[in-house]
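Asks: okay, structure incoming, though there's no sequence with it:
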């Protein structure tokens, strides 16, 4: 099993992840905001929704929420000259909900085939909840629409559908690629550590010392 990260290291990792997630989401959203779905009100085809979903799933709900919220605020400000708080929150939920996996799936399971499936399901659920919140608060506060039908058919359904499909497809791909990269790096580090332990006996004789490799290396403890 992996050892818990020191609090300072975990905090630094989260800050870096928030910055990276926010920057990537904002950049890709600006590029994709031009791909409007015909017959809708500002709903776009956005594979980029997988970015906050991925960051939330890997680094936790706070990182996912911040990446989605700030990324959307920045991209909308650049694309449209302003932003709506409720769509920022809705996009934050896209990252927060997949991040809840850290509370009910172990690290090993999150980066297994079961975890990849869970990331797809959570991405779809997040898309429905996030866009539902944004669309219906538009209606409640009168942000550009005046009827419930507009909220449902012009905003919620188109955005929820495309975000759910994109999230369910691309989030597991990103998570799988990340897991593969981490396993490769950790496996090489573990192999070097094990080799060092085996050569560290008195007079240069081979010894066996306890070594522990995390889920990332694909190996288990030995003694």
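Replies: Received it, and whenever you're ready, just let me know what you need. From a predicted model like this one, the values you see are computed outputs, not experimental measurements.
Asks: okay, and the helix or strand of this structure with the least pLDDT?
Replies: Least confident helix or strand, the chain: helix 157-198 with a mean of 85, by mean pLDDT, DSSP states H and E.
Asks: so what's the gap between it and the chain middle?
Replies: Relative to the centre of its chain, helix 157-198 is centred 11 Å away, using CA atoms, centre = their mean, to the nearest Å.
Asks: what's that helix packed up against?
Replies: For helix 157-198, the helices and strands in contact under the criterion 3 or more CB pairs under 8 Å, 6 or more residues apart in numbering; DSSP states H and E are helix 50-59, helix 85-99, helix 113-141. For the C-beta atoms, the positions are set from N, CA and C on the backbone; glycine is no exception.
Asks: just name the most buried of the ones you listed.
Replies: helix 50-59 (a mean of 30; mean count of other CB atoms under 10 Å).
Asks: can you give me the domain boundaries for the protein?
Replies: 7-184, 187-217 (automatic domain parsing).
Asks: who are the contact partners of the residue positioned nearest the centre of the chain?
Replies: Taking CA atoms, centre = their mean, the centroid of the chain lies closest to residue 54, which sits 1.9 Å from it. Shown in contact with residue 54 (CB atoms under 8 Å, 6 or more residues apart in numbering): 21, 98, 119, 171, 174-175, 178.
Asks: circling back to that earlier point, right, so the domains of the chain: which one is the most enclosed?
Replies: Of the domains of the chain, domain 7-184 is the most buried (mean count of other CB under 10 Å), at a mean of 20.
Asks: distance from that domain to the middle of the chain?
Replies: 8 Å.
Asks: endpoints of it, how far apart?
Replies: 25 Å (CA to CA, to the nearest Å).
Asks: now do stretch 143-155
Replies: The first residue of stretch 143-155 is 12 Å away from its last residue (CA to CA).
Asks: now residue 122: closest residue in space, sequence neighbours ignored.
Replies: residue 98 (4.2 Å; CB to CB, 6 or more residues apart in numbering).
Asks: poorly predicted segments of this protein, please.
Replies: For the chain, residues meeting the criterion pLDDT under 70 lie at 1-6, 37-44, 191-223.
Asks: mind checking the SS state of residue 145?
Replies: At residue 145, secondary structure determined by DSSP: H, G, I helix; E, B strand; the rest coil is coil.
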